[in-house]
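**Student:** Fold the following.
(one chain, ligands or ions: 1)
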Amino acid sequence: MSLTVAPPVLRSFHSGRSSGRPPRPRVLMTVRSSNTVSAAPILIKLQRDCATPLPVLRHVADAMAADMRAGLEADGRSDLKMILSYVDALPTGNEKGLFYALDLGGTNFRVLRVQLGGKDEHVVATEFEQVSIPQELMSGTSEELFDFIASGLATFAQKEAGKFCLPQGRTRELGFTFSFPVKQTSIDSGILIKWTKGFAVSGTAGKDVVACLNEAMKRQGLNMRVSALVNDTVGTLAGARYWDNDVMVAVILGTGTNACYVERVDAIPKLHGPNSKSGRMIVNTEWGAFSHGLPLTEFDREMDAGSINPGEQIFEKTISGMYLGEIVRRVLLKMAEDARLFGDCVPEKLRMPFSLRTPDICAMQQDSSKDFEVVGSILHDVTGVSPDLITRKIVVDVCDTIAKRGGRLAGAGIVGILQKMEDDSKGLVFGKRTVVAMDGGLYEHYPQYRSYLQDAVTELLGPETSKNIVIEHSKDGSGIGAALLAATNSMYQH
Ligand code: BGC
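**Tutor:** Model (predicted):
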């Protein structure tokens, strides 16, 4: 059976449930689940289907590297789009002046300004604001969405004062982080290929998103120019590189997922046109679309079939924050239907797509109380019953199985990228300190996921090589990164 899923309400990933719910009863009625015995085979099968032993990880890492090569050959050759970012100069630390950044990629957009002070003063001051995007705009028209964003940006720009100073006569410059697949045509233009992560805005696909923003800024009377259009992974890489020269890869593990890395231009056959001065370019892999060799289950296939983009973003649907809770919900629903996990009736709410969120499964896995109290209370929220201890343990095992598969596959993906880079430049990746800058709420807030990811990297690379690979959390680096890239590509530099 496949359910047709309306675009889920995206929420940023954080632990704990929203406070808007009715208070939970203090004394919960315990349902005797003698049927946990029959749920066991479903769990065992799930664990078998989701298993990621070393050969599976290796296969995924190799396939990722092979898909990267194919995607670099020519467009359309691979699941991986390997999008050229046209970022060929990374921040050096010499950047100076006032720059803005706009970050659009989830339920919120963020605006930021930064005053850069060059080598001695680095980041003199930053200020940011976050605005949540009304649900209806996520499925409205392109104009409505961009007008809303430009108006937020205009209000923010009006508050510029204090340490932020724009030399007279200059136009404000903006780094635009747009976290969706875009076919870039230059550093400051790019055509939206498709929306992901539940966005379904009409009239943007096939258009230059910078032009959409510029027109909206004009309608708002805002004098600002987009100097750099960047994916959030690219912003994260640039932001992290500002402080650490060893950063070569950036990964986002949040609502959605993606990775980018620094590539040699002579390894990009599809790159035509002016050569990069540095001989390098950041490539946005769009690895969310990867699909080879993944250990998928009936639950993944059903979720995909019911999604707004069936057959697409399979890696993203297996490892990212938007989907992990939903996969667990589908497993629990099967256990409720086939093995009466929650008693004689199947809880109605459990049938509702996305009623169990990834922050819920994360919170359940953090529960160290003797009676799994947090698990009990989250399950009560979602099912209306309070299951007994054995059932709670089974639910935690389901969460662990899905988080483990996600974390380990993400680790294998990272190794695939590093492996490809190492194969092209022997010793320059594995033979020295190489940093993977990581951002996203899933990675930040889910400790088990994080450690499964690290385990997979260590298993694949071995204890010696893995010492050189540092996975570093680079929180909210993409905003500053985009502003830095606006500085690097400023029209006043040329
Ligand atoms: C998008 C990427 C983005 C990632 C993380 C994916 O759904 O396709 O462009 O980088 O989410 O935000």
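
**Student:** and the protein, which residues reach the ligand?
**Tutor:** Residues of the chain lying near the ligand by C-beta under 6 Å from any ligand atom: 105, 179-181, 196-197, 231-233, 252, 254, 256-258, 286, 288, 316. C-betas here are computed from N, CA, C, even on glycine.

**Student:** Inside helices: which ones of these?
**Tutor:** 232-233, 316 (DSSP state H).

**Student:** Tell me the most packed of these, by neighbour count.
**Tutor:** Using other C-beta atoms under 10 Å as the neighbour criterion, residue 233 leads these with 31 neighbours.

**Student:** In TSV: the ones in helices among the residues of the chain next to the ligand, plus pLDDT.
**Tutor:** Formatted as TSV, those follow (pLDDT from 0 to 100):
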residue	pLDDT
232	95
233	97
316	98
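
**Student:** and for the helix or strand hosting residue 62, what are the contacting residues?
**Tutor:** Taking DSSP states H and E as the definition, residue 62 sits inside helix 54-73. With contact meaning C-beta atoms under 8 Å, 6 or more residues apart in numbering, helix 54-73 is reached by 77-82, 263, 267-270, 283, 285, 287, 290, 292-295, 408-409, 411-413, 415-417, 419-420, 423, 456, 459-460.

**Student:** Give me the subset of the residues you listed lying in helices.
**Tutor:** Counted as lying in helices by DSSP H, out of the contacts of helix 54-73, are 408-409, 411-413, 415-417, 419-420, 423, 456, 459-460.

**Student:** distance of the residue of the stretch 301-450 of the chain found nearest the ligand from residue 86?
**Tutor:** Closest to the ligand within the stretch 301-450 of the chain is residue 316: 5.6 Å, counting by C-beta to the nearest ligand atom. Look at residue 316 and residue 86: by C-beta to C-beta, to the nearest Å, they are 24 Å apart.

**Student:** List buried members of the ones in helices among the contacts of helix 54-73 by neighbour count.
**Tutor:** 408-409, 411-413, 415-417, 419-420, 456, 459-460 (16 or more other C-beta atoms under 10 Å).

**Student:** OK, now which residue of the stretch 201-350 of the chain is nearest to the ligand?
**Tutor:** Nearest residue of the stretch 201-350 of the chain to the ligand, counting by C-beta to the nearest ligand atom: residue 256, 2.5 Å away.

**Student:** Where does pLDDT dip in the stretch 351-494 of the chain?
**Tutor:** Low-confidence segments of the stretch 351-494 of the chain (pLDDT under 70): 494.

**Student:** now the chain
**Tutor:** Looking at the chain by pLDDT under 70, you get 1-37, 274-275, 494.

**Student:** Repeat the analysis, applying 50 as the threshold.
**Tutor:** The model of the chain has pLDDT under 50 over residues 1-33.

**Student:** And the helices in the stretch 201-350 of the chain, which stretches?
**Tutor:** In the stretch 201-350 of the chain, the helices defined using DSSP state H, counting those that start in this stretch lie at 209-219, 232-243, 298-305, 314-319, 321-339.

**Student:** and those, which is most packed in?
**Tutor:** Of all the helices of the stretch 201-350 of the chain, helix 232-243 carries the top mean neighbour count, a mean of 28, counting by mean count of other C-beta atoms under 10 Å.
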